[in-house]
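1. return atomic coordinates for the entry below.
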Amino acid sequence: MCGRYVLHGPHSRLREYFDLRDCAAWVARYNIAPQSEILVVRARPGVGRVGRLVRWGLIPRWAKDASIGLKLNNARAETLAEKPSFKASFERHRCLIPANGFYEWQVLSEDGKARKQPWLIRPAADGEFFAMAGLLSAWKSPEGQDIVSACVITTTPNALMAPIHDRMPVLLAAGQFEAWLDPAYRDAGALSRWLAPAPAQGMRAHPVSTRVSNARNEGPELLEPI
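-> Sure thing, here's the model as predicted:
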C-alpha cells in the first residue's frame, strides 16, 4: 500500500520535470496522509499538463456519500480494470501524483513482540521525482458540492522494497506520461503492463523516525535517516 508520502519541490524543478503549463499553489509537505489535499498532474485538452489540488481517497461517481473515499486511498494494479470503484477512472481519468519520496512500514520482531519501523523510499538521483500512477474521479454530493478525488495505484514490490513491505506504488517513467494522461488512450492491455514494479536501481531507502507514524507530525526532519 501507500499510506504516506513527501512532496517538497523545488517548485520550479517540479514544473520542469512534469512539463506543466499551469499549476495550482501548493505547500511543501513531509508527511502527506490520506484525506489530505494533494497535487496531481492531469492533461487538459488544448492546454497540456496541469497541476491541480484534489482529495486523496477516491470517491466513485456512483457513490451515495463521500465516506467510501476513506477506504479507497489505494487501488491494486492486479484488479483495478475490473473493480467497479476503479474501472471507469482507469479507462478515462488517469493522473500522476508527484512525490519526492514515500514511506512504508516494515514489520520487525523484537523480544517476541512485533513493531513497525518506517522507511523513506526516494529516487536514487538527487533532484528527481517519483511519478506515482493515480486515478481520478469527480463526484457531486447530494447537496451539490463537487469533489475531485484521487487514489494511488499499487503493485507488488521490487527487490529493494520486498524486505520492507509487500506492496509499493506504481512509479511511471517520463516516457509513459503522455499516454497515461491521455483520456483517449484506452489500450487497457498496454496500460496494465505498465503497472509493474519500478526498477530497484532507481530507488534508495533508509529507516526514519517513528514520528512519521503520527500524521500530525510534519517537517523536513522526518526525512532524516536513523
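
2. from the chain's centroid, how far away is the lowest-mean-pLDDT helix or strand in the chain?
-> Of all helical and strand segments in the chain, the minimum by mean pLDDT, DSSP states H and E falls on helix 188-193, at a mean of 88. With C-alpha atoms, centre = their mean, to the nearest Å as the basis, helix 188-193 stands 19 Å off its chain's centre.

3. which secondary structure elements does the next helix or strand along the chain from it sit against?
-> Under the assignment DSSP states H and E, the closest C-terminal helix or strand after helix 188-193 is strand 203-207. Strand 203-207 sits against strand 113-123, with contacts defined as 3 or more C-beta pairs under 8 Å, 6 or more residues apart in numbering; DSSP states H and E. The C-beta positions use only the backbone N, C-alpha and C, and glycine is treated the same way.

4. all helices of the chain, in order?
-> In order along the chain, the chain carries the following helices (DSSP state H): 11-17, 87-92, 177-181, 188-193.

5. residues in contact with the second one?
-> When you say that, I think you mean helix 87-92. Residues external to helix 87-92 that are found in contact with it (C-beta atoms under 8 Å, 6 or more residues apart in numbering): 58, 60-61, 75, 80-81, 135-137, 183, 186, 188, 191.

6. try 10 Å this time
-> Taking contacts as C-beta atoms under 10 Å, 6 or more residues apart in numbering, the residues outside helix 87-92 that touch it are 58, 60-62, 75, 77, 79-83, 95, 133-138, 149-151, 153, 182-186, 188, 191-192, 195.

7. re earlier: output the helices of the chain as JSON lines; include the columns distance to Arg49 and mean neighbour count.
-> Listed next are those as JSON lines, based on distance: least, C-beta to C-beta, whole Å; neighbours: other C-beta atoms under 10 Å:
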{"stretch": "helix 11-17", "distance to Arg49": "9", "mean neighbour count": "14"}
{"stretch": "helix 87-92", "distance to Arg49": "17", "mean neighbour count": "18"}
{"stretch": "helix 177-181", "distance to Arg49": "7", "mean neighbour count": "17"}
{"stretch": "helix 188-193", "distance to Arg49": "18", "mean neighbour count": "12"}
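
8. how about those helices in CSV, adding distance to Gly112?
-> As requested, the helices of the chain are exported to CSV (distance: least, C-beta to C-beta, whole Å):
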stretch, distance to Gly112
helix 11-17, 45
helix 87-92, 43
helix 177-181, 46
helix 188-193, 42
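
9. of all those helices, which lies closest to Ala125?
-> Minimum separation from Ala125 across the helices of the chain (C-beta to C-beta) falls at helix 11-17, 11.5 Å.
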